[in-house]
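Peer 1: Build me a structure from this.
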Amino acid sequence: MDGKSKPTCHIVKPHHTYAGKQGLDYFEGIAAETVGSTGICMHILTIPPGMRAKAHLHEAHETAIYMLSGEAHTWYGERLQEHVVVHAGELFYIPAGVPHLPANLSNTPCTAIIARTDPNEQESVVLLPELDGLVPG
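Peer 2: Here you go, the predicted structure:
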């Protein structure tokens with residue numbers, strides 16, 4: 001948004017996906033790139049059965065997740081030593097700088113709404129390939 005534009009409201013219809021650095025496809029949503037947001041992004045993620053993301057963290061940005069359907073396993077912590085299963089209807093919080101790796105170990109897709117305090121969806125993603133082998137699958 002340039003200095004002459006006034007902020008305005010936007011509707012985003014999540015028809016298009018993009019490949020995230022984490023190895024999964026995200027539905028286009030609210031971000032600096034789509035609506036000019038300056039402090040938040042929000043996207044929809046569907047993880048196909050048997051798929052998982054790459055180990056990563058978001059350097060200086062918090063993440064809030066609402067699981068719409070299915071369930072996702074997430075390993076987190078410095079060596080991905082912690083594990084949680086997030087079920088449909090549950091919310092999950094990931095602090096800034098915490099390594100994590102989500103996976104769908106079921107036979108059905110799982111879908112979540114993801115919001116971050118980073119308006120540029122992919123800029124704060126830091127891949128951690130040295131941690132990928134710590135999680136089975």
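
Peer 1: Low-confidence bits of this structure, can you list those?
Peer 2: 1-4, 122, 137 (pLDDT under 70).

Peer 1: quick one: the strands in it?
Peer 2: Secondary structure of the chain by DSSP state E: the strands cover 17-19, 25-30, 41-47, 56-58, 63-69, 71-76, 82-87, 91-94, 100-103, 110-116, 125-127.

Peer 1: Mean neighbour count for those - can I get that in CSV?
Peer 2: For the C-beta atoms, the positions are set from N, CA and C on the backbone; glycine is no exception. Shown next, in CSV, are the strands of the chain (neighbours: other CB atoms under 10 Å):
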stretch, mean neighbour count
strand 17-19, 13
strand 25-30, 18
strand 41-47, 20
strand 56-58, 22
strand 63-69, 17
strand 71-76, 20
strand 82-87, 14
strand 91-94, 15
strand 100-103, 23
strand 110-116, 20
strand 125-127, 15
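
Peer 1: Can you check which of the ones you listed gets nearest to G133?
Peer 2: Relative to G133, the nearest member of these by CB to CB is strand 100-103, separated by 10.6 Å.

Peer 1: gap between A60 and P129?
Peer 2: Separation of A60 from P129 (CB to CB, to the nearest Å) stands at 21 Å.

Peer 1: Including distance to C9, could the strands of the chain go into CSV?
Peer 2: Output for these, formatted as CSV (distance: least, CB to CB, whole Å):
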stretch, distance to C9
strand 17-19, 23
strand 25-30, 11
strand 41-47, 14
strand 56-58, 26
strand 63-69, 21
strand 71-76, 31
strand 82-87, 30
strand 91-94, 25
strand 100-103, 31
strand 110-116, 17
strand 125-127, 28
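
Peer 1: Out of these, the one nearest P7 is which?
Peer 2: Of all these, strand 25-30 sits nearest to P7, with 13.3 Å by CB to CB.
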